[in-house]
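Engineer: Here is my input; please provide its structure:
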Amino acid sequence: MGSRQYGQACSLAYALDRIGERWTLLIVRELSLGPMRFSALVRAVGGAPTDILTKRLRELEQHGVVARRELEPPASATVYELTELGRGLERPMVELGRWGMGLQELDDVIHLAPSSLPSAIRVILQPPPDFEATLGLRTDGEDYWLHIEDGWTTIGRGEAFEPGLSLAGTPVEVVATLVVGELEAGNVEIDGDRDLLERLRAMVVIPDHLRAEAEAAAPTLALSPA
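Structural biologist: Okay, here's the model as predicted:
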């Protein structure tokens, strides 16, 4: 246990004793996409000193949120991954992200990191329980997949298996395509069911001020470099 604890019986305080330190939930965000090596996690989290990241991972291991695993040869590397307990943080984390959108401006979204794209889409989509679809994403040379089922979106790294729709482009353009529709002069590559794209657009829930800013900036976003 760390020294910075609330010392309260409240379950929220009890949870924050374990995940309330800086960088902790960003580690969970990245590992929600699948196992990662330490070096890749350092790059994905962005800005965390390696000694602090090492400390946070050690604390998360002690609390049973993260586990280390040795990959089989020929990989022969150590990766970090979420445990079942750690996976339980995904839904609260998505809801926290939805709350955080109310504090954002469009300029914040424009600088979305490529590895954050699937998490961002999971935050803005609120699908009904009877909807099911698989979506493929490609950005910055990396592939991601999203599978929507029972009102929840599962995300991961790698190519999607038989996606109904695939989108490729910069993070801001992909998000804008889902929010305001296909960008007339944009660089987003759309492959698959266009009707599915329209259905997904109807499931996007974002604050009114962000939607208005996105609609006003759509022509400019469409001209951004790929």
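Engineer: Please make it C-alpha for all contacts and neighbour counts, starting now.
Structural biologist: Will do.
Engineer: roughly how far apart are the spatially closest residue to residue 89 that is not a sequence neighbour and residue 199?
Structural biologist: Spatial nearest neighbour of residue 89, chain neighbours left out: residue 28 (7.8 Å); criterion: Cα to Cα, 6 or more residues apart in numbering. Remark: distance between residue 28 and residue 199 (Cα to Cα, to the nearest Å) = 29 Å.
Engineer: and those two? which has more neighbours close in?
Structural biologist: The neighbour comparison of residue 28 against residue 199 (other Cα atoms under 10 Å) goes to residue 28, with 24 against 13.
Engineer: what bits of the chain have low per-residue confidence?
Structural biologist: The chain contains residues with pLDDT under 70 at 1-3, 183-186, 221-226.
Engineer: Could you chop this structure up by domain?
Structural biologist: Using automatic domain parsing, the domains assigned to the chain come out as 11-87, 90-222.
Engineer: Those domains into JSON lines, with extra columns for distance to residue 4?
Structural biologist: Below are the domains of the chain laid out as JSON lines (distance: least, Cα to Cα, whole Å):
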{"stretch": "domain 11-87", "distance to residue 4": "7"}
{"stretch": "domain 90-222", "distance to residue 4": "22"}
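Engineer: now the strands for the chain?
Structural biologist: Under the criterion DSSP state E, the chain carries strands at the ranges 66-70, 78-82, 133-139, 142-149, 152-157, 165-168, 189-192.
Engineer: for those strands, which one sits closest to residue 175?
Structural biologist: Ranking the strands of the chain by their distance to residue 175 (criterion: Cα to Cα) puts strand 165-168 first, at 9.8 Å.
Engineer: And that closest one, what does it pack against?
Structural biologist: Applying 3 or more Cα pairs under 8 Å, 6 or more residues apart in numbering; DSSP states H and E, one finds that strand 165-168 makes contact with strand 133-139, strand 189-192, helix 194-202.
Engineer: got a list of contacts for that strand?
Structural biologist: Residues outside strand 165-168 that contact it (Cα atoms under 8 Å, 6 or more residues apart in numbering) are 134-139, 174, 188-194, 196-197.
Engineer: List only buried entries from the residues you listed.
Structural biologist: Taking 16 or more other Cα atoms under 10 Å as the criterion, what is buried in the contacts of strand 165-168 is 134, 135, 136, 137, 138, 139, 174, 188, 190, 197.
Engineer: Can you tell me which of those residues is nearest residue 151?
Structural biologist: Nearest to residue 151 among the buried ones among the contacts of strand 165-168, with distances taken as Cα to Cα, is residue 134, at 12.9 Å.
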